[in-house]
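>>> next input, structure requested:
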Amino acid sequence: MNETSLSIQERFTKFSLLLLFAIPSTICALYFIYNAIRIRTFRKRFQNQTLIILVCIVLLNILLNNSITMSFLYSCGSNVKYNEILCGIQCIDGFSGLSTFNWLFNILFPVFIIIFGSSLLLIRVLWVRRIMQRNLRNWSKNWKMIVQLLGIALVYTLVWLPLSIISLMTTFGSPSYSIHSIETNLLFISYLCEMCVPIVALFLTPEIILKLRGRMQSSIVDIASVTMGQYSKH
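As a prediction, this is how the structure comes out:
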């Protein structure tokens, strides 16, 4: 009874966290795309086009995320076990070669490519900064693009790097139950990481932030004027 209660509490906690991240992430993504459509100068800038594509992909994944199956590559059916972590293993995990190939080349390999590319980008930025010290205007434009890309890459790396290391341990070793539990929690956090991308993209875009501040200030002024008008009537 206690184990069932804990399991229900854990599922409720994870579901609450998904809602806590999914709702603001969806709102930020929609507001980001809305401003990308309305603001032509923002849409035309090269450094913003990558963010627009990325946010659109993340939004589609949040709204239309379905379980990725490989039914054309295997013919067995998954045996769902509700009392085990992740409801048991998937059918594809029964084929060690196919499962290992899918995990290494479709998940871990892109993660390390992103980490390696982000490191090279940071090194290049520091190197170019020494060359472009005299041209501060071009440097400020490039720096905004670098901050946007590195901010998203940092959020992605902080979650997927430990998950990749744990996954390599479980793939090529004999991990304990605690390692499996850590891997399960990291897999859940990876969904939250993806939902953070629109929020980070929104707050790293100066044009949209300035527009949002302007609307908030105008609304505050309108409320203050209405309040003063009511007091003047009395």
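>>> give the rounded mean pLDDT of stretch 119-126.
Mean pLDDT, computed over stretch 119-126, is 74.
>>> and that stretch, what's buried?
Buried residues in stretch 119-126, counted by 16 or more other Cβ atoms under 10 Å: residue 125. Where you see a C-beta, it was placed from the backbone N, CA and C, and this is true even at glycine.
>>> return the set of buried residues in the helix or strand hosting residue 180.
In this structure, residue 180 sits in helix 177-203 according to DSSP states H and E. If you call a residue buried by 16+ other Cβ under 10 Å, then helix 177-203 has these buried ones: 182-183, 186, 189, 191-202.
>>> now swap in stretch 208-217 and tell me
Neighbour-count burial for stretch 208-217 [16+ other Cβ under 10 Å]: 208, 211.
>>> what's in contact with it?
For stretch 208-217, contacts defined as Cβ atoms under 8 Å, 6 or more residues apart in numbering pick out 31, 32, 35, 39, 42, 202, 203.
>>> of all these, which two lie farthest apart?
Across those, the longest distance by Cβ to Cβ is 16.3 Å; it joins 39 and 203.
>>> hey, which helix or strand in the chain has the poorest pLDDT?
When each helix and strand of the chain is scored by mean pLDDT, DSSP states H and E, helix 206-233 comes last, with a mean of 63.
>>> so residue 35 is in contact with residue 42, correct?
Yes. Between residue 35 and residue 42 a contact is recorded at 6.5 Å, counting by Cβ atoms under 8 Å.
>>> any shared contact partners between the two?
Taking Cβ under 8 Å, 6+ apart as the criterion, residue 35 and residue 42 both touch 207, 208.
>>> can you report how many residues lie near residue 21?
The burial count assigned to residue 21 is 18, neighbours taken as other Cβ atoms under 10 Å.
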